[in-house]
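J.: let's see this in three dimensions:
(chains A, B and C)
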Amino acid sequence: MPSDILDRSFYLQDTLTCARGLIGKFLNRNLNGRIIRAVIYETEAYDGEEDLACHARAGKTKRTAIMYGERGFAYIYFTYGVHWMLNCVTGRPGHPAAVLIRAVMPTQGMDIIAKNRALIPQKHWTDGPAKLTKALAITGDMNGTDLCDSASPIFITQGFELPDNYVQATPRIGIDNTPEPWKSKPWRFIADLNHLRMAANRN
DNA sequence: TCTTCGATTGTCT
DNA sequence: GACAATCGAAGAA
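T.: Sure, this is the predicted structure:
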């Protein structure tokens, strides 16, 4: 299948580089043989036990073990008793880190997403980390999926190169109780949606 | 075992 | 803008 799959060496890079680099890439979901594709436009980096916003701050546990494993795999966890979150394991081996996928722009398989997000305005189908997992039917049983294998239910492929002036870095969302300096680290990356739409339309 | 609280969302005012 | 929903992981006891 796609020779343009994002290969494991990508995920061995520094976690911030991965978080920035994933902006503009395609998130692919194979659902019973049908592919849903969406461009990633918002991510956050969680980097190591010393990052007090990172789940691995408590060390290696059953939940975070996947972050200590091989790079390029999915770390999917459940939160608020309701929501699934999708992350990519990144960074140097032995260093627990991951990139949270916070938002995507669907480009293929819209009919499936429409069913998964019934009654929700299209604008809000995939504009949040738990919204996109619901839209793409991603749940905890896909935890540990190899994102570098096009036979996986979830995998990531090459996308658009976005110049830095269309991608801004801001503090991460929803970590109000995390102490400084972690709370203010500009480890969230978000692309200009208008620019991304134009880039997508050119292709 | 018990308590706290979360990398959020959707609804209601 | 405020807040309930809803449950499992982690830390305390």
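J.: wait, a strand at residue A:199?
T.: No - assigned with DSSP: H, G, I helix; E, B strand; the rest coil, residue A:199 falls outside any strand and is helix.
J.: can I assume it is in contact with residue A:191?
T.: No - contact criterion Cβ atoms under 8 Å: residue A:199 and residue A:191 do not qualify, at 9.2 Å. C-beta coordinates here come from the backbone N, C-alpha and C atoms, glycine included.
J.: who has more neighbours out of those two?
T.: residue A:191 (22 against 18; other Cβ atoms under 10 Å).
J.: pLDDT value on that one, please?
T.: pLDDT recorded at residue A:191 is 97.
J.: thinking again about what came up before, what touches both of residue A:199 and residue A:191?
T.: A:24, A:162 (Cβ atoms under 8 Å, 6 or more residues apart in numbering).
J.: run the chain-centre distance for the lowest-mean-pLDDT helix or strand in chain A.
T.: Least confident helix or strand, chain A: helix A:193-202 with a mean of 90, by mean pLDDT, DSSP states H and E. Relative to the centre of its chain, helix A:193-202 is centred 19 Å away, using Cα atoms, centre = their mean, to the nearest Å.
J.: how about the residues of chain A by DNA strand C?
T.: A:55, A:58, A:61-64, A:78, A:80-82 (Cβ under 7 Å from any atom of the strand).
J.: mind listing which of the residues you listed are in helices?
T.: Using DSSP state H, no member of those sits in helices.
J.: give me the ChimeraX select line for the residues you listed, limited to the buried ones.
T.: Buried members of the residues of chain A next to DNA strand C, defined by 16 or more other Cβ atoms under 10 Å, are picked up in ChimeraX with:
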select /A:55,64
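J.: restrict the residues of chain A next to DNA strand C to those near DNA strand B?
T.: A:55, A:80-82.
J.: which stretches of chain A form helices?
T.: A:8-11, A:15-22, A:110-116, A:129-135, A:193-202.
J.: return the set of buried residues in the second one.
T.: Buried residues in helix A:15-22, counting neighbours by 16+ other Cβ under 10 Å, are found at A:15-16, A:18-22.
J.: DNA strand C: which of the residues you listed is nearest?
T.: residue A:15 (18.8 Å; Cβ to the nearest atom of the strand).
J.: need the contact list for that closest one.
T.: With Cβ under 8 Å, 6+ apart, residue A:15 has these contacts: A:45-48, A:90-91, A:97-99.
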